[in-house]
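Trainee: pasting a predicted model and its sequence here:
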Amino acid sequence: MSSHANKTVSHDEEIKNLKKVTKEKLTQRSFKSNVVDYVMARLFTLFGSIAIIILALILFFLVREAIPAIREIGLAEFLFGQRWYPSSSDPGFGALPFILSSLMVTTGALFIAIPWGVFTAIFIAEIAPRRVRETLKPVIETLAIFPSVVLGFIALVIIAPITAQVFNLSNGLNAFTASVILSVMALPTIISIAEDALKSVPRAHREAAYALGASRWETIRNVTLPAAMSGIFAGMMLGFGRAVGETMTVLMAAGNAIDMPVTEFFGVWLPEFLQSVRSLTANIAIEGSDVPWGSLHYSALFVTAIILFVITFIVNLTADFLMARQRRKMGHE
Amino acid sequence: MNKTATERFWFSVCALFAALTVAALLFLLYWIVIQGASVLSWSFLTARPEQNMTSGGIWPAIVGTFYVASLTILISVPIGIGAAIYLNEYAKQGPLVRMIRMSIRNLAGVPSIVYGLFGLAIFASFIGLGTGLLTAAITLSIMVLPWVITATEEALRSVPQSFREGGLALGATKWQTIRQLVLPSAIPGMATGSILGLARAAGETAPIILTGAAYFLPVAPSSLTDQFMALPYHLYILATQHDQTEVVRPIAFGTAFVLILLVILLNLTAIVIRNRYRTKNEQL
Amino acid sequence: MSIKAQEVQTKQPVNSNQTLNDKSRPIFDVQDLNLWYGHDQALKNITFQIPEHGVTAIIGPSGCGKSTFLKSLNRMVELVPTVKTTGKVMYHNTDIFSHEMNLVELRSAVGMVFQKPNPFPKSIFDNVAFGARMHGIKNKKKLRELVEKSLREAALWDEVKERLHESALGLSGGQQQRLCIARCLAVEPEVILMDEPTSALDPSSTLKLENLIHDLKKQYSLIIVTHNMQQAHRISDKTAFFLNGEVIEFDLTTQMFTRPADHRTDDYINGRFG
């Protein structure tokens, strides 16, 4: 017992010592930790700058390499010219067939992917019971990470023959087949962004509708969907961006013929989905690997890359803007 | 009555499309697994391609993918995480940082082939590395950099501000606060982001077509400037560029199978890490 | 560094059990402090002296700058990037905004307890030991003693001694807040700033915390922001009334609550605006 009492006395003493030690340590330490702190701050600033510089370099180099071709040929020829013969003796640098093909294949893909994605998102966010929802999540995650070359391979080996048979073509590699497989690529993006948008609609909105006697579907249609519209549009834009920038699936599924993918019908261009087409991305992949560096052809490819860059940048900015609007509208800002 | 019928109709439509999504995945997996599993064997994984790639295995492509993906992660993860910590913890939040952040998000949406062309211009041609393993890895690193930064920033943002305030108010330096309080909570998110970046780099084809993948090489690359075989590019070659595409089809399916397996395994790892840290945090 | 020299002197009155009175030297001498968030001025010409030891309450309607003022005393307010200050806050003869002031030392000496309890997602033990570990104390025995002492001081020891290695997040709100106080005490501060420490707590936890504050004021200088006037009345020795970023009145609490000098103070205390 007495030893216990002794212990408490020395205990108090020790604590007093401890106080002093803490203070001393603090002074010694604070110098060292301040130095470490300073070094780390510099280090992270360096990393941040490296990343920002790299990203700025992308734009710089794309433009730098594209300038010779723009100077020599002019941007108008690239945007509106219909002949692409970059290395012939009578060269043509019209990228319009590629631009139209890219837009066409992408639009076709969205035509399939938007209803598919939005209805699936509604099902996941609003209708499905918890357990079903938890099973659907990994399905969509897996679809999202499917390497595009595998999808292209499936399109080539499985979907193209079906297309050929259905439309009675000698060869199923065309814009339609590419659109079908691209829709699968755009799908996960559309679903997940639309689902987030639907989930961002506050419960109170829904409950108000139920309180007025609306059924679940009426609530979804008249309350939840309209409230989530900005976000759903953002998903569509991002899906578009994903599809228009996709290389391998289009390269393997669309046939890659350089031709205007349209038929003229009383002076109006109508898209020709059963024709073999070559997208902007596919053309860079095909010609980029063996073009002589520094040649006019090489520079011309950078011009088409910039066109692609600009398209995706506008699309992504729009999606960004729409998503910010969705957040603002739902009061999450 | 009419009301319930309408509701039932639209609910069925939604369910149908959701089922179609599952069906699409099953369809893809079915073909790859059924066709791919038949050629899969130990020797397929460990042997070199033989007789103009019509027989033998895919070992050099597996090694090449391993090399290029590892290098990519080695380059992009430190820079990406460092940059994200800078942007989220150190940089003065203002219009400039907002603009940088917006650019980074948008660069994540730039087509991979554009990155390929950029890598060709700066690393292969301008700096003079030529096409090869290093050029391809740097190019892929730059491509995944926005993803890594965005995922890391998201993880950092999810750490409550009160942890930082609590640490600083106790007299911790900024770095001590980040190191002891912010990073431990953010690591699962950062790891998940990095692994998904790895999965993307491993499955990506377009940039390496331009920056260093080789049609056929019997051996693994021995230096950083060597060209290399890679699973996705090998699949592309077998599917479209080979002179006997019908003959090599089983090998192509086998390659697709291995590639899908690799990507799904990486994805599963990411999910496991996420869940494990989540439960660990809950227990503690 | 100059703090350290002062340290010894300032601690002495406590050790010699000198009773506190109104004439005790100021711990903070605030001289003409102005503070802006961007273009909005949040604090205007604040000048008053906060006494050492005892409890100083800061009251005022929301948006009057009382939290901002509190957070400027350990410069936590600078986490808002657009903050700009002029004027001085003297702490042991050093202006806390001057270059001589080391932020780490300032914040170790001036602890802070937040409105919402913010335990780290670590064990109870690791929470309390956090500050000491950061300052380089690795000795396990010392850490254990420090943790026990701090938890005892914060009147939490008996409730948690059996589960020191369980997560701090499993504690109740009131316990979490006392844990945050223990965590702060473990760094051996001289001053403890409390920003509406009971606003997230139930009445019985609030009572416990108020008792704790009463015990702590013998050893520490406490500055407490509160929107609860009864609380200010119950626990504080002196009270400052803030309105629109200005100090309207600063006096002994008993004085202020019985015979306020300014009619605005009177109006606020008697609930005529808020």
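Mentor: Yep, it's here.
Trainee: just the pLDDT for residue 217.
Mentor: All of this is about chain A. With respect to pLDDT, residue A:217 has a value of 89.
Trainee: I was thinking of chain B, sorry if that wasn't clear
Mentor: On the pLDDT scale, residue B:217 gets 76.
Trainee: residue contacts, it?
Mentor: Taking C-beta atoms under 8 Å, 6 or more residues apart in numbering or on different chains as the criterion, residue B:217 is in contact with B:60, B:64, B:227, B:228, B:229. In this view, the C-beta of every residue, glycine as well, is placed from N, C-alpha and C.
Trainee: isn't the last one up against residue B:212?
Mentor: This means residue B:229. No: contact between residue B:229 and residue B:212 fails when scored by C-beta atoms under 8 Å: they sit 10.4 Å apart.
Trainee: these two - which one has more neighbours?
Mentor: Between residue B:229 and residue B:212, counting by other C-beta atoms under 10 Å in any protein chain shown, residue B:212 is the more crowded of the two (31 against 27).
Trainee: from residue A:263, how far off is the more buried one?
Mentor: 41 Å (C-beta to C-beta, to the nearest Å).
Trainee: partner strands of the helix or strand of chain B with the lowest mean pLDDT, with direction?
Mentor: The weakest-scoring helix or strand in chain B, judged by mean pLDDT, DSSP states H and E, is strand B:55-56 (a mean of 76). Taking DSSP bridges as the criterion, strand B:55-56 forms sheet pairs with strand B:49-50 (antiparallel).
Trainee: next, the residue of the stretch 151-300 of chain A found nearest chain C: phi, psi?
Mentor: Residue of the stretch 151-300 of chain A nearest chain C, by C-beta to the nearest C-beta: residue A:202 (22.9 Å). Note on residue A:202: its backbone torsions stand at phi -60, psi 150 [degrees, to the nearest 10].
Trainee: how many neighbours does it have?
Mentor: Residue A:202: 13 neighbours (other C-beta under 10 Å).
Trainee: what sits against it?
Mentor: A:330, A:331.
Trainee: residue boundaries of the helices in the stretch 51-200 of chain B?
Mentor: Here the stretch 51-200 of chain B has its helices, by DSSP state H, counting those that start in this stretch, at B:59-85, B:95-107, B:112-119, B:133-157, B:161-169, B:174-177, B:183-203.
Trainee: make a markdown table out of these and add distance to residue B:270.
Mentor: Compiled in a markdown table, the helices of the stretch 51-200 of chain B are given as follows (distance: least, C-beta to C-beta, whole Å):
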| stretch | distance to residue B:270 |
| --- | --- |
| helix B:59-85 | 13 |
| helix B:95-107 | 21 |
| helix B:112-119 | 20 |
| helix B:133-157 | 10 |
| helix B:161-169 | 24 |
| helix B:174-177 | 27 |
| helix B:183-203 | 4 |
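Trainee: possible to save those helices as JSON lines with mean neighbour count and mean pLDDT?
Mentor: Output for those, formatted as JSON lines (neighbours: other C-beta atoms under 10 Å in any protein chain shown; pLDDT from 0 to 100):
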{"stretch": "helix B:59-85", "mean neighbour count": "22", "mean pLDDT": "92"}
{"stretch": "helix B:95-107", "mean neighbour count": "16", "mean pLDDT": "87"}
{"stretch": "helix B:112-119", "mean neighbour count": "28", "mean pLDDT": "93"}
{"stretch": "helix B:133-157", "mean neighbour count": "25", "mean pLDDT": "93"}
{"stretch": "helix B:161-169", "mean neighbour count": "21", "mean pLDDT": "92"}
{"stretch": "helix B:174-177", "mean neighbour count": "22", "mean pLDDT": "90"}
{"stretch": "helix B:183-203", "mean neighbour count": "22", "mean pLDDT": "89"}
